[in-house]
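Novice: Have a look; sequence and predicted model below, questions after that.
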Amino acid sequence: MKLTLNINGKSIEQEAPANTTLLTFMRNAGFFEVKFGGCDNGECGACTVLLDGKPVNSCGMLAAQAEGHTIQTVQNVGEREGKGWKQTSGLDAIQQAFIEVGAVQCGYCTPAMVLAARSLLEKEKNPTDEQIRDVLSGVLCRCTGYLKPVQAVQRAAAVLRGEPVEPLYPSNAPMPDSGDPLHPVENREPEEPAGGGLETQTRIMPQIWTDSSGMKPYQRIGQPDIKVDAIKLVQGKPAFTADMEMRGMLVAKVLHSPVAHANIKKIDVSKARALPGVAAVLTWEDLPRVVYSTAGQSDPIPGPLDMFSLDKKVRFVGDRVAFVAAETAEIAYEALKLIEVEYEELPLLLDPADAMKPGAVILHDEPEYVNFADSDPKRNLAAEIHIDIGNVDKGFAEADFIFEGEYEVPKVQQAHIEPHVVVTYWDEDDRLVIRTSTQVPFHVRRMLAPVLGLPVKRIRVIKPRIGGGFGGKQEVLIEDVAAHLTIATGRPVLFEYTREEEFTASRSRHPMRIHMKTGVKKDGTLTANEMIALSDTGAYGCHALTVTGNTGHKSMALYVGDGPYRESPNIRFHADIVYTNHPPAGAFRGYGVPQGYWAVERHMEKIARELGLDPLEFRLKNAIRPGELHPFSTAWSEGREPNPEIIHTVGLEDCVRQGRAEMGWDSKFGNPEWHMVPGKPHLRRGIGVAMVMQGTAIPYLDMGGASIKMNDDGSFNLLIGATDLGTGSDTVLAQMAAEVLGVPVEDMIVYSSDTDFTPFDKGAYASSTTYISGAAAVRAAEQAAERIKIRAARMLNDRGDGPTVRPEDILLEDRKAMAPDKRFVTLSEVGHDSLHHKDQEQIMGIGSYVSPVSPPPFAAQFAEVTVDLETGQVTVDKLLMAVDSGVIVNPITASGQVEGGMTQALGYAVCEEMLYDEKGAALERDLVDYHIFRADEMPDLSTLFIQTFEPSHPFGVKAVAEIPLDGVAPAVGNAVLDACGANVDINPVTPERVWLAMQNKE
Amino acid sequence: MIIEYHRPHTMEEALSLLGRSAPPTVPLGGGTSLSRYRKQSIAVVDIQALPLHATRVEGQNLKIGAGVKLQGLLEDPQSPAVLVDVIRAEASHNLRQMATAGGTLVSGGGHSPFAAVCLALDAQLTWEPGGKEISLGDWLATKKADLPFGALMTQITLPLNARAAYHAVGRSPADVALVMASAARWPSGRTRIVIGGRLMERVVLVLDGTDSSGAIETAVNACSHYFTSRYSVEFIEHEITTLTARCLRDVEVK
């Protein structure tokens, strides 16, 4: 049917079938700012448009329904100011506020949020937070935790009311600091947030407490510079993988297995191939049999090679059976239905406890299987880890008490709003271009080369903006599908997962069963600590070893004991990581550590309470301190040779002190009156804590690279292989380089990443980008700065208007190269001179960095809950994280990481869980059954930074990205215990588990 | 798969389309359940141009056009407070702009708070052709009752003289309800209790009478089996008991 829609004031005509959704119509018409979230029933709201001024999900309505209505996208809201000679309206107040307060992270849902906010502010000039949260409830965001978007709308409302709104922080002021030096603050309740305008501004910057006497004054480090990608993202520019069109592009779909374990006896694709519009159908018979792993890690991959692009055996419901490329998605789906498969079903292995039992069915009997370390497919063992530090048995013998406990953590989904998506095509040199939403572009290139039968040099991987990844896109998950189909057809291919595929055929956090055994003296000194983990890697062993290794490496390293035990801790960690017929697990932000801390911190809480010890003091008494050896550093390093590592900075005690004060801990913990809710006798309040540590990068292994090129106006191109998946890493790397070069961030033109143009980088994982890639950017900047200083000194000396200047005396500041006597040349003059005038040269720098250490960030995570004693329902009222991540390069992006991380962890704590039926089929297949938090149900979120100066980094930074995932669940679990005495040892703390635990208590 | 789209401007035209035997033709409200039509080839009749978008009070009743959007109903000052609460619980802001009252009742499963409260309030549904009125309970029982082929729901009637309550338990404040209960009580003492939840295909009426003394036991007996594939019997029975008791307490005339 012919449809004519009024979009952004223009009539757009298209011939489209009746079932065309408004989303499809708009993306076909090039309105790429309307995003696909993987569904067609409005689960996530990324596809929001304004229909007659109201926000609606374009995936959930037919294009035909929209005829006769006005449709607005974010294109119609505002555009960048100053586009050459053409005057533009500039950005809208809402867009501007989203940029300023850091409400844009990955930016995939940002156009939708801006539109929703606009619909509210057009009718309500002075909205409450509740109204804002309601209007944002239709747009799911997995990055921000919604706090900054709410603040942005309040700030925009203030602007639109004509109120003065000051910059968040003066751009040239010293580093923001709430208390210098760090000192105790009064025990007080946090202030209630107020309305818009200047009051809003005061809420946006996180509190930062500095504990470093040697910290230098910086120009750019510590500043809330706006994200370098924010302006394009807030306008909905076509920045993501699927935001492109190519002539002749095919659409790929995958036939997934309906059974959990079977041999493919026969597969007939003749009918599918004969369907008009089908360009290719591929099965295992068509592809070379190349064994590989999908885990995006440095070479050699620390795990077994146990997968093929297509195999003659399927190992989980959702496993790959065949690939189809067709002219349209509808034809591709039709072709999938025509593929006839005969399965020879095999016994199922669904309980990981059965995996290693004698007689268990073997999942991987293929001869091509390649072992890594202690993997043993004959025992369904993808990996095994055993670490003994000190003398654990002696430690247990010396204990006054032994505490044991069983804990369990679920399989959960990353749920990035942009699904996995890839476009592949041959370029004019017959090189295969893979444009993909990946955290690891260089690993994609290296790992797929043998799978595709191409040398590395004939593959180019382009990483556009990423709409969230959280580890899910550390997997080389779907790139091979499109690539094989491009090879088969010679045509461009688009393949994007649906939301259901994300749940059934993607990766997830490893579920684990964990046994804890701890020896303790009467005074609370730990004498020995043991963790035994059984980890379910599912059908394939991607990240099996390293994820579960980190479960012990990070969570069991925090508590070393006190006194002589501090000198020589006794720690044991054993893990069996087994295959089952569940969908594979993989990387998920936190990378095994949240699993460990659920067990460790629930266990520590029970010990403290059992012994009548203060839970904060008990933990601090046994926690690792500055100058001590990381206990695991001599025992394990992601499957490679370990190296002893001293931990120099530990801000944990100050995290506890500041967090305790900010939470009002002393007036709540142990206070029966506070636990009661006036007028509601069925409700009880509780408060809980968890202490955690993570790591920062993988020592001696992962490398980041950066190059910098100076332009003739004094600006710089910063090319980085690192992948900003919404975290703001492009921005903080630019800030670090700008600090060295003495320029504002707006003079750094950042590009990431393209394997043809940008230096190598291992990618975004292991909390490494700011630390590793940042150090590389600093090195590159220092090289460029050296050349600038040489030239500037020569230019000043050539002028002959003062004493001779040496290059080493030149200071780069405020876009100038300045002599000690304040004479200067501008960087623009230097750039121009270097390219056009004298002894011409391209001023460049290139740097790379590998770290010998992995300095851990530390945090104290607090939670307040209300428990319904009758139903078991838990409402989380407040989350506060006090975190030592070293020096904070950008307080806005860093606090955004903490808020978003706490929100993901909140889901892990109370509702997120992937369950399977008795045949291994997923019960959760959408974002309705699998609930992630919405804007209108969030607890109060607070972030405190405790700044230490990590000496191993030029600017003293440590990681911040993953640690927010670690402590929320146990803190909530401990708060539930505090509220009602219920010990819930299986995460998440659902109403049923809380209620049953309360019954057990009674 | 949707193979035809129609947007009639008169009821006659709509009913004529809906009365066709081929292709199968169904009414289209907001479209929030489009995905259910993936496998079947159907035609849809969009009701947006039909006069079904008004809400009015008539005597002791609230008459809601089947095409009224949930957000419109939420913002309508005539809507009882409990209705506002359950509409918020029903869907996010975006979905409320699209979903219609009639469509939500037709497509809402056992976890629909709106359907639960409407059933507790003994909502009456008006259908064309013929203006036939049947109760939501009767319609849910068979999904068609004795309606003519191709009938279209045009109006929902809710009593304003009954007190209604709704309680639910979920994993988070905005999560789909694990278990929910709704109750309504009329001045006559007539009481209706409805149970729903995420594992139920539809909300279920468990009591309609003036004697509510055995209501909780009835609710437990009638509904706990829906949940036992995933939850413990003791827990579910306890939740139904607790939520039903809370609803009864709320509707009690003090």
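Specialist: Perfect, I can see it now.
Novice: A:His515: which element?
Specialist: strand A:512-520 (DSSP states H and E).
Novice: Return the list of helices and strands in contact with that strand.
Specialist: helix A:392-398, strand A:401-409, strand A:526-538, helix A:544-555, helix A:593-610 (3 or more Cβ pairs under 8 Å, 6 or more residues apart in numbering or on different chains; DSSP states H and E). Quick note: C-beta positions are derived from backbone N, CA and C, even for glycine.
Novice: partners of it in the sheet?
Specialist: strand A:401-409 (antiparallel), strand A:526-538 (antiparallel) (DSSP bridges).
Novice: quick one: buried residues of stretch A:747-757?
Specialist: A:Asp747, A:Met748, A:Val750, A:Ser752, A:Ser753, A:Asp754, A:Thr755 (16 or more other Cβ atoms under 10 Å in any protein chain shown).
Novice: The residues you listed also near chain B: which ones?
Specialist: Near chain B, judged by Cβ under 8 Å from any Cβ of the partner chain, there are no entries from the buried residues of stretch A:747-757.
Novice: Output those as CSV; include the columns pLDDT.
Specialist: Shown next, in CSV, are the buried residues of stretch A:747-757 (pLDDT from 0 to 100):
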residue, pLDDT
A:Asp747, 98
A:Met748, 98
A:Val750, 98
A:Ser752, 94
A:Ser753, 93
A:Asp754, 97
A:Thr755, 98
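Novice: and of those residues, the nearest to chain B?
Specialist: Distances from chain B to these, taken as Cβ to the nearest Cβ, are shortest for A:Ser752 (32.4 Å).
Novice: which one is the residue nearest the centre of chain B nearest to, not counting chain neighbours?
Specialist: In chain B, the residue lying closest to the centroid (Cα atoms, centre = their mean) is B:Ala115, at 2.3 Å. In space, B:Ala115 comes closest to B:Gly108 once its chain neighbours are excluded; the distance is 4.2 Å by Cβ to Cβ, 6 or more residues apart in numbering or on different chains.
Novice: Look at the one you found and report its pLDDT.
Specialist: Confidence at B:Gly108, expressed as pLDDT, is 83.
Novice: re earlier: using a markdown table, lay out the buried residues of stretch A:747-757 together with secondary structure and distance to B:Val251.
Specialist: Converted to a markdown table, the buried residues of stretch A:747-757 look like this (DSSP: H, G, I helix; E, B strand; the rest coil; distance: Cβ to Cβ, whole Å):
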| residue | secondary structure | distance to B:Val251 |
| --- | --- | --- |
| A:Asp747 | helix | 67 |
| A:Met748 | strand | 64 |
| A:Val750 | strand | 61 |
| A:Ser752 | coil | 60 |
| A:Ser753 | coil | 61 |
| A:Asp754 | strand | 65 |
| A:Thr755 | coil | 66 |
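Novice: hmm, which two among the residues you listed are most spread apart?
Specialist: Comparing every pair within the buried residues of stretch A:747-757 by Cβ to Cβ identifies A:Asp747 and A:Thr755 as the most remote, at 26.1 Å.
Novice: number of nearby residues for B:Thr10?
Specialist: 11 (other Cβ atoms under 10 Å in any protein chain shown).
Novice: quick one: it and B:Gly19, what's the gap?
Specialist: Distance of B:Thr10 to B:Gly19, computed by Cβ to Cβ, to the nearest Å: 14 Å.
Novice: A:Ser885 too?
Specialist: Relative to B:Gly19, and taking Cβ to Cβ, A:Ser885 is found at 67 Å.
Novice: re the thing from before, Provide the backbone phi and psi angles at the residue nearest to B:Ala115.
Specialist: phi -70, psi 130 (degrees, to the nearest 10).
Novice: pretty sure it contacts B:Val117?
Specialist: No - contact criterion Cβ atoms under 8 Å: B:Gly108 and B:Val117 do not qualify, at 11.0 Å.
Novice: show me the contacts for the residue nearest to B:Ala115.
Specialist: Neighbour list for B:Gly108: B:Glu90, B:Phe114, B:Ala115, B:Val203 [criterion: Cβ atoms under 8 Å, 6 or more residues apart in numbering or on different chains].
Novice: Which of these ranks first by neighbour count?
Specialist: If you rank the contacts of B:Gly108 by neighbour count (other Cβ under 10 Å), B:Val203 sits at the top with 31 neighbours.
Novice: got a list of what it touches?
Specialist: Here B:Val203 is in contact with B:Gly108, B:Gly110, B:Ser112, B:Ala115, B:Ala116, B:Leu119, B:Leu140, B:Ser182, B:Val194, B:Ile195, B:Gly196 (Cβ under 8 Å, 6+ apart).
Novice: out of those residues, which are buried?
Specialist: B:Gly108, B:Gly110, B:Ser112, B:Ala115, B:Ala116, B:Leu119, B:Leu140, B:Ser182, B:Val194, B:Ile195, B:Gly196.
Novice: quick one: contacts of the helix or strand containing the fourth one?
Specialist: I take that to be B:Ala115. Following DSSP H and E, the helix or strand that holds B:Ala115 is helix B:113-120. Applying Cβ under 8 Å, 6+ apart, the external contacts of helix B:113-120 come out as B:70, B:82-83, B:85-87, B:89-90, B:101, B:104-105, B:108, B:136-137, B:140, B:156, B:158, B:164, B:166, B:168, B:177, B:180-184, B:192-196, B:202-203, B:205.
Novice: what's the domain layout of the chain?
Specialist: I'll assume chain A. Listed domain ranges for chain A are A:2-76, A:250-346+A:414-504, A:650-693+A:854-912+A:927-1002, A:703-850 (source: automatic domain parsing).
Novice: let's do chain B instead
Specialist: Split by automatic domain parsing, chain B gives B:2-46, B:55-159, B:163-251.
Novice: got JSON lines for those, with distance to A:Leu310 too?
Specialist: Formatted as JSON lines, the domains of chain B follow (distance: least, Cβ to Cβ, whole Å):
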{"stretch": "domain B:2-46", "distance to A:Leu310": "25"}
{"stretch": "domain B:55-159", "distance to A:Leu310": "37"}
{"stretch": "domain B:163-251", "distance to A:Leu310": "34"}
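Novice: From A:Val234, how far out is A:Ser752?
Specialist: 19 Å.
Novice: Give me the neighbour count for the residue in chain A that chain B sits nearest to.
Specialist: In chain A, the residue found nearest to chain B is A:Gly138; the distance is 2.8 Å by Cβ to the nearest Cβ. A:Gly138 has 27 neighbours, counted by other Cβ under 10 Å.
Novice: follow-up on the earlier one: pLDDT score for the residue nearest to the centre of chain B?
Specialist: 97.
Novice: Equivalent analysis for A:Leu182, please.
Specialist: At A:Leu182, pLDDT is 46.
Novice: still on that earlier bit, more crowded one of A:Ser885 and B:Gly19?
Specialist: A:Ser885 (32 against 14).
Novice: I'd say that one and A:Val957 touch.
Specialist: Yes - counting by Cβ under 8 Å, A:Ser885 does reach A:Val957; the two are 7.2 Å apart.
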